[in-house]
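>>> Requesting a structural model of the entry that follows:
(4 chains, ligands or ions: 4)
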Amino acid sequence: MALTTYVEAIRQGIWEEMEKDERVFVLGEDVGIYGGAFKVTAGMLERFGEWRIIDTPISESAIVGAAIGAALMGMRPIAEMQFADFIACAFDQITNFAAKSRYRWGAGVPIVIRAPSGGGVHGGPFHSQNPEMYFVHTPGLKVVCPSTAYDAKGLIKAAIRDPDPVIYFEHKYLYRRIKEELPSDDFIVPIGKAAIRRHGTDISVITYGAMVYTALEAAKELEKEGIDLEVMDLRSLLPFDREAVLDSVKKTNKVILLHEDTRIGGFAGELASVISEEAFEYLDGPIRRITAPDTPVPYSPPLEEFFLPKASDVVRVARELYAY
Amino acid sequence: MALTTYVEAIRQGIWEEMEKDERVFVLGEDVGIYGGAFKVTAGMLERFGEWRIIDTPISESAIVGAAIGAALMGMRPIAEMQFADFIACAFDQITNFAAKSRYRWGAGVPIVIRAPSGGGVHGGPFHSQNPEMYFVHTPGLKVVCPSTAYDAKGLIKAAIRDPDPVIYFEHKYLYRRIKEELPSDDFIVPIGKAAIRRHGTDISVITYGAMVYTALEAAKELEKEGIDLEVMDLRSLLPFDREAVLDSVKKTNKVILLHEDTRIGGFAGELASVISEEAFEYLDGPIRRITAPDTPVPYSPPLEEFFLPKASDVVRVARELYAY
Amino acid sequence: MNLKAVNPQALSGGTIQLTTPPPEKTLHSMLYFMKLTRELEFRIERKLYRQGKIVGGVYVGRGQEAIAVGACIDLRHEDVVCPSHRDMGAFLIRGMSLRTIFAQYMARKTGATRGKDGNMHMGDLNLNLVPFISMLADNIPVATGIALSFKMRSQDRVALCFFGDGATSRGDFHEGVNMAAVLKVPVVFICNNNQYAYSTPLERQMAVANVADRAEAYGIPGEIVDGNDVLAVWDAVARAIERTRIGHGPTLIECKTFRMTGHSAHDDAGYVPHELFELWEERDPIKRFERYLSERGMITQGGIEEIDKRINREIDEAIQIAEKDPFPDPEDTLKDVYHEG
Amino acid sequence: MNLKAVNPQALSGGTIQLTTPPPEKTLHSMLYFMKLTRELEFRIERKLYRQGKIVGGVYVGRGQEAIAVGACIDLRHEDVVCPSHRDMGAFLIRGMSLRTIFAQYMARKTGATRGKDGNMHMGDLNLNLVPFISMLADNIPVATGIALSFKMRSQDRVALCFFGDGATSRGDFHEGVNMAAVLKVPVVFICNNNQYAYSTPLERQMAVANVADRAEAYGIPGEIVDGNDVLAVWDAVARAIERTRIGHGPTLIECKTFRMTGHSAHDDAGYVPHELFELWEERDPIKRFERYLSERGMITQGGIEEIDKRINREIDEAIQIAEKDPFPDPEDTLKDVYHEG
Ligand SMILES: Cc1ncc(C[n+]2csc(CCOP(=O)(O)OP(=O)(O)O)c2C)c(N)n1
Ligand SMILES: Cc1ncc(C[n+]2csc(CCOP(=O)(O)OP(=O)(O)O)c2C)c(N)n1
Ligand SMILES: [Mg+2]
Ligand SMILES: [Mg+2]
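Residues are numbered from 1 along each chain as shown, chains lettered A, B, ... in the order given. Ligands and ions are numbered 1, 2, ... in the order given. From the prediction side, this is the model:
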């Protein structure tokens, strides 16, 4: 069977939901005739017409605002940010209107905001951001970060069907690098469930997005030395799979928290808090974070290389922790 | 000598810096003829004229953008958000333009953004927010949260003189409730330095903003039972006083992290991570968080009362931790 | 302060002559809702607030009642209204009950937001009433999206979106109106230009004389009406709705009016030249409309008094009930952040 | 696709007759900088990029060279320029060296951002050149603030701010231009209307025919010029600067032009009707200006060739140096997030 790339998996997921549910539509910049900057909506204009694949002006705030309005009227909009970085321009509508609507007056806002995020492509400070924490810190939103083609498809479908606003971070670096065979039936990946990508007994590495592969690479390396990593892919950050995290930590008693996002106020902090609160007695060593440093994402290859967490960082920290 | 309120302390700080430095000016909505929604700039229009106290249209993004432009030309702008909640409308300019400017091309952006924040005044979801973490998670910014009149004055002055963009969260609940005698000389409170508000030996409560008083109230209560809290007021969140936090934890070996902001992705997570990483061996119990729940700030008094962390919460958790 | 720009004499001057005025029943409804708005807000601002029974701030639309009433009175149920903070008439006409409104202002569980949100942030999907949030102009792109959903489903529905002059300075005004114009969706934008945004007079908000001038930038019609003339508002909105129903896209209607209060209950409006209040008092929309009706023999002094009595009775009853309504349970704080399946 | 709206024949048609054209020296400078822009971008897009030497995306302004050059050529040193992503001429005229620019595109330590940021995000306070960020239109409020700082200090300086047609849909365009108009600060807004924003044609961006129509909403003059005529641009900008220097506030100048490439180096512009490229090729700003100069005896074919030679030499040299320039040190990643005292 054919292999499906991560980016194609997103496209398939949207396509299938649009076929099944007339309420689903897409709006954003260059999503129509161009098929989206990353071709996620390629071919959809022809299939679904210009009122379901809507090219908008360059107005991120109005794209999200309009999605909210349509959602309140029973539609299921998917709003595309051309790059996740530009989600900053829609921050107010997302965090104040969409996130708080159900709480205020009982009216849910079932929108999906797709945001191509992440570094590794020499995009510089404005085409490489990982803005997930701004939304993870906003009650009322859901936040997902798929790392595999299967999850990319299953989570976009789950997000579209979800009754609440979901921010869907798709990692640009994975778009065409990750492929797998996908089942042909209609499947979803439930929001809020983690996946263990490698079972291990010595140290839990809890991560998400492109860093899953960094962790796996490190695990392979460490295997040779007899250090057995467990690699957990959170998949969803809000809500996140508390139980899976705690189970893993209780099993391995040592934990590395890994993300591509910057450190201060990153998701690792949240995890560290939860683990310390609820599994303190199980810990046999400090909770260690591996993250990007607290800088914008630099552009030049040697800088970006330095910026992004690497398998060698995981290897180094795992060794230290193993020896603790 | 006369007592100075928290709000008056801010006003004095701005006034003094404006007297001393012609580059300092204020822009925002209703800051001129009206003297600001909370009267922080009262009387300044008369003293400094309409080109140093500038009433702007309702354009938060342009207020910050204009402040950035003026700062690049050597000015020292103070931009007022009428309520901290509306800072969401300027999020892009703050996090993308101001925060990253020095990194990108070496041009610092010495602006201060004042943001009246916090609950307890029945303002509801859009007049009570604590948006500090959105900015703490943005490298290139500084974030301060004074809790006393002395700090309010000292930190606004430090912020104005700082070469980098500073988000200054002033807690509305404290405006007129907090008073103290202030020295008459020119003083600043350095950004990045915590203060111990109560020395204690049993448990460190690390907090900031209005919650400092909640912690102190709890400490008084617990004193009667022989539980001796140390109360640390961080004052600055970015950068925060890592050393002071670790010193306190190493002394007491038990820690409560307290904030008015919501839980997931709140500052307590960051602190928990740092403490676990760097003082793990000193911990005699789990790191406990006391925060608002993960909801918008509700409006009705019984709801808001439920939402805000209370001294009784601190008392309860401290007792548990003491007994651990 | 440019007095000329806000001189009400520069407006249409008295009530306009309509080719086909609305039926008498509608005229009576208009009077009722304008008076109901006035008395309701009077009770909130001058009675309950001063008695300490209102929770949070209070913003009223005294002197501006004709706008929401003229705009909403003839809407169909399936049309959608997105009001702002001086449009109480919109809530009333849509069917929000007095008890719900009082309960809302007193932060009770029976209020429109069950105590979750404050004052005019009231909405109800069953009433096709979408509440605004505090961030001014945020409701504009949302209204555009509401109208977009009508167009994409070929539904014969329109959206009405309200905001103030100050809100038009926000980026979301621009993005929302522009997108609506480009997509030609069925929405009518109604600006109450009450000459002030908090303490900021119009000329510090924009360098054009009329908010309607902004319409030029979007390729949509901009119309100026006397916002203190309920029939002028009614007429302009009716025409704009007609236009948009048949696919011609949005209109921006500017209703010239004046805020006959401070910005909120705690603001004495010391920055407003006193003569402006006097000037505009003469053009009070309710008194003018009463005159219009009585000159045409459509209402008597007795009829007016009867309406007042009815309104007072309805309000008294609603307050009585609302005052006994319970506050929400503290644990409600945790509810409804997400769908509870 | 509305061909009429973008038909270059509808523009001024040939070069305009100026009452006082710039001195010959300036004219030669204009030609030099337009040609330098063209060749520089050619090298980046068609040579270095294809050789894999450029890091990240590439956006060029082929066919649009007259705009930045006409607008910036006569600026004083103390004036400030805020360019956008198709204004290479602005960087060159301000004094950014070729070597710095090539180093920037090859992500070297000697680039304008020392490898921290990419492509045209170049700035230098010593050159009074403030770089834009990717978020379109964000530079507009910033330019307003720059101009505000001039006004509040009574400095005789102006700011020039550049952006595309698509950027005018963003809220920051509205907020920034409106604030500049209200405060009457010395800034000139220059829109390159190249008819497209990425794949989005103008009529999906706005429901007005001209970007200049947007000026009406702010009470400032809006002027349409033939953006492929460097003298027309020069003339309009000179007048706007004059106006703003004496306190009359901002102007919005729309330069009608066409993007003679895809959006970026990886876009083949398949969505652009081919005839449009042909139409606009005829109005190539460089060829037209060469014609203008030679018709007036101000330049010979030999003179043109000499300029080309000089440009090629300068560029070759700069590339040679830049290619040998070092990449930044990895540890530089951590520097300059904050002031390092
Ligand atoms: C984005 C934003 N900024 C500031 C405020 C604070 N604020 C509330 S009402 C108001 C004035 C609004 O003026 P206008 O739009 O003219 O409406 P009016 O009150 O005059 O009806 C301001 C500044 C806000 N609610 N939202
Ligand atoms: C806020 C924002 N949204 C989207 C983008 C992605 N983007 C980059 S350039 C571009 C098109 C810009 O069009 P225009 O303003 O007309 O400038 P042009 O490229 O035509 O010169 C888009 C959509 C961006 N950079 N910023
Ligand atoms: Mg107003
Ligand atoms: Mg363009």
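
>>> dump the residue contacts of residue A:98.
A:64, A:68, A:109, A:111, A:140-141, A:165 (Cβ atoms under 8 Å, 6 or more residues apart in numbering or on different chains). C-betas here are computed from N, CA, C, even on glycine.

>>> what subset of the residues you listed is also close to chain C?
When the contacts of residue A:98 are checked against chain C using Cβ under 8 Å from any Cβ of the partner chain, the ones in range are A:64, A:68, A:140.

>>> circling back to that earlier point, now narrow the contacts of residue A:98 to whatever sits close to ligand 4.
Of the residues in the contacts of residue A:98, proximity to ligand 4 by Cβ under 5 Å from the ion holds for none.

>>> quick check, nearest of the ones next to chain C among the contacts of residue A:98 to residue C:294?
Out of the ones next to chain C among the contacts of residue A:98, the one with the shortest distance to residue C:294 is residue A:68. That distance is 45.3 Å, counting by Cβ to Cβ.

>>> from chain A, which residue is nearest to ligand 4?
Residue nearest to ligand 4 within chain A (Cβ to the ion): residue A:58, separated by 9.5 Å.

>>> Look up how far residue B:66 lies from that residue.
Distance of residue A:58 to residue B:66, given as Cβ to Cβ, to the nearest Å: 21 Å.

>>> buried sites along stretch C:286-298?
Residues of stretch C:286-298 classed as buried by neighbour count (16 or more other Cβ atoms under 10 Å in any protein chain shown): C:286, C:288-290, C:292-293.

>>> Secondary structure added to those, as TSV?
As requested, those are arranged in TSV below (DSSP: H, G, I helix; E, B strand; the rest coil):
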residue	secondary structure
C:286	helix
C:288	helix
C:289	helix
C:290	helix
C:292	helix
C:293	helix
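
>>> May I ask which helix or strand of chain C has the lowest mean pLDDT?
helix C:3-6 (a mean of 38; mean pLDDT, DSSP states H and E).

>>> Need the pLDDT of residue C:18.
At residue C:18 the predicted local distance difference test score is 60.

>>> Look up the pLDDT of residue 12 for me, please.
Unless you meant another one, I'm taking chain A. Per-residue pLDDT puts residue A:12 at 98.

>>> oops, chain C please
For residue C:12, the model assigns a pLDDT of 43.

>>> isn't residue A:182 right next to residue A:152, touching?
No. The pair residue A:182 and residue A:152 does not pass the contact test of Cβ atoms under 8 Å, sitting 9.6 Å apart.

>>> Which neighbours do the two have in common?
Among the neighbours of residue A:182, those also in contact with residue A:152 (Cβ under 8 Å, 6+ apart) are residue A:9.

>>> who has more neighbours, those two?
When residue A:182 and residue A:152 are compared for neighbours, residue A:152 comes out ahead with 31 against 21, by other Cβ atoms under 10 Å in any protein chain shown.

>>> Okay, the more buried one and residue A:174: tell me how far apart.
Applying Cβ to Cβ, the value for residue A:152 to residue A:174 is 8 Å.

>>> what sits in contact with each of the two?
Contacts common to residue A:152 and residue A:174, judged by Cβ under 8 Å, 6+ apart, are residue A:6.

>>> Quick one: residues contacting residue 267.
All of this refers to chain A. Taking Cβ under 8 Å, 6+ apart as the test, what residue A:267 contacts is A:132-133, A:136, A:208, A:237, A:257, A:259, A:261, B:265.

>>> look at chain C instead
In this structure, residue C:267 makes contact with C:198-199, C:261, judged by Cβ under 8 Å, 6+ apart.
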